[in-house]
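Asks: Predicted model, plus sequence, below.
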Amino acid sequence: MFIGGFARSDEVGTREGRDEITNKNKAKVGKIILNTDLIRADKNLFAIYQTMYSNADIEIWYDWDRRLNDTTWTDQCYFLTLDGKKIGGAVITDDKIMFPFLIAPFYDRITFWSWLLKHSPKSKISGVLDEDSSILLMFSYKAIDTNQVMCRPADNVDVVLPDGFFCRPFDMEKEADEIGNAILKGYRGGIDSDIHGEATLEYAIEDARRVIKIYAPKDLSHVLVEATTNQIVGVCIAGVGENYTHGYAEIADICVLPEYRGRGLAKYMISRIVTQAHGVAPFVKLFVTIGNNSEYVYRQMGFIAGPRFTNMERR
């Protein structure tokens with residue numbers, strides 16, 4: 001998702017880059033021939049249209065400026081026009097279509113996709129909202145995964161750790177293998193590994209290091225340890241990044257070893273983050289794949305969900 005002067009409101013885009021994608025297409029409706037065109041847009045004007053007409057705060061920013069900035073990361077922005085009038089748009093990179101939207105008063109989503117895919121038949125489409133995912137099935141696309149962002153206010157909540165366990169911070173450099181193996185075991189057999197395959201130990205370690213580095217300003221990460229065996233049975237990687245909008249806290253990874261589930265350990269780790277974030281962050285966010293059983297736990301803990309969005313590819 002997602003300054004230079006703004007294009008005039010009656011402009012449909014700049015001519016620069018018009019030849020990069022097939023421009024013209026004619027659609028015949030009865031005896032009327034309609035001319036559709038895919039043209040490069042000024043990214044700042046495009047950001048306003050995308051933010052307003054997508055009507056989907058996927059990242060739950062609650063912030064107009066942040067949503068605009070989220071859209072201006074690329075200048076590969078295009079408007080789809082019908083007889084010179086804007087009817088929709090999308091970010092179109094070399095290999096995919098991203099964050100498509102329709103522009104009122106054009107509401108025919110099936111026709112929009114038919115025309116857009118004739119102009120730009122990409123193999124992948126990202127950020128597809130629920131109302132479009134079923135339509136794309138008829139154009140030979142299939143869903144890869146469906147996701148959503150969830151959030152709740154940071155606050156003091158009851159934090160009760162079940163007997164037989166203790167919580168502590170960890171040193172990623174000294175405990176890399178143990179942390180990495182706990183993450184692998186905690187995610188094994190879940191929806192993410194089913195979709196994307198099981199990660200390697202090397203990847204799990206490097207990804208944890210990368211995220212913890214982002215959280216350096218306020219790292220809230222911790223592990224749960226079984227007292228009798230001194231084994232790490234739960235891992236939570238969370239914190240506040242330096243340039244996060246509104247200074248929110250984020251839970252990047254949270255998992256419990258399969259044999260220790262059902263004892264309230266995940267709820268404890270979530271409660272701990274929500275409580276620790278209070279006073280340093282206004283709310284806590286996380287990202288979840290639809291089909292992950294943990295979504296039920298998050299909802300029990302007061303998290304609400306943003307719009308679902310699907311990543312799709314051509315069959």
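Replies: It's in.

Asks: Name the nearest residue to Gly264, sequence neighbours excluded.
Replies: Among residues not flanking Gly264 along the chain, Pro162 sits closest, at 5.4 Å (Cβ to Cβ, 6 or more residues apart in numbering). Yep, even glycine has a C-beta here, placed from its N, CA and C like the rest.

Asks: What backbone torsions are found at the one you found?
Replies: Main-chain dihedrals, Pro162, degrees, to the nearest 10: phi -60, psi 150.

Asks: Was I right to think it contacts Leu265?
Replies: Yes - applying Cβ atoms under 8 Å as the test, Pro162 and Leu265 come out as touching, 6.7 Å apart.

Asks: So between those two, which is more surrounded?
Replies: Taking neighbours as other Cβ atoms under 10 Å, Pro162 and Leu265 compare with Leu265 leading, 23 against 12.

Asks: Show me what counts as buried in the helix or strand hosting Gly186.
Replies: Element membership of Gly186 [criterion: DSSP states H and E] is helix 176-187. For helix 176-187, a neighbour-count test (16 or more other Cβ atoms under 10 Å) marks Ala176, Ile179, Gly180, Asn181, Ala182, Ile183, Leu184, Lys185, Gly186, Tyr187 as buried.

Asks: do the same with stretch 191-211
Replies: Residues Ile191, Asp192, Ala199, Ala204, Ile205, Asp207, Ala208, Val211 are the ones in stretch 191-211 that count as buried (16+ other Cβ under 10 Å).

Asks: which one among those residues gets closest to Val223?
Replies: Val223 lies nearest to Ala208 out of those, by Cβ to Cβ, at 11.2 Å.

Asks: Quick check, pLDDT for that closest one.
Replies: Ala208 is assigned 96 on the pLDDT scale.

Asks: where's it relative to Asp171, distance?
Replies: Distance, Ala208 to Asp171, by Cβ to Cβ, to the nearest Å: 12 Å.

Asks: Repeat that for Asp94.
Replies: In terms of Cβ to Cβ, Asp94 sits 41 Å off from Asp171.

Asks: swap in Asp37?
Replies: Between Asp37 and Asp171 the distance is 58 Å, computed by Cβ to Cβ.

Asks: Ok, Asp130 next?
Replies: 43 Å.

Asks: can you name the two of the buried residues of stretch 191-211 that are farthest apart?
Replies: Distances among the buried residues of stretch 191-211 were taken as Cβ to Cβ; the most separated pair is Ile191 and Ile205, at 22.1 Å.

Asks: Looking at Asp130 and Asp171, which is more packed in?
Replies: Taking other Cβ under 10 Å, Asp130 and Asp171 do not tie; Asp130 has more neighbours (12 against 8).

Asks: Can you give me the pLDDT of the more buried one?
Replies: For Asp130, pLDDT reads 90.

Asks: I'd assumed Ala305 was in contact with it.
Replies: No - Asp130 sits out of contact with Ala305 when judged by Cβ under 8 Å, with a separation of 12.0 Å.

Asks: give the contact list for the closest residue to Tyr62 other than its chain neighbours.
Replies: Among residues not flanking Tyr62 along the chain, His246 sits closest, at 7.6 Å (Cβ to Cβ, 6+ apart). The contact partners of His246, by Cβ atoms under 8 Å, 6 or more residues apart in numbering, come to Trp61, Tyr62, Asp63, Ala281, Pro282, Phe283.
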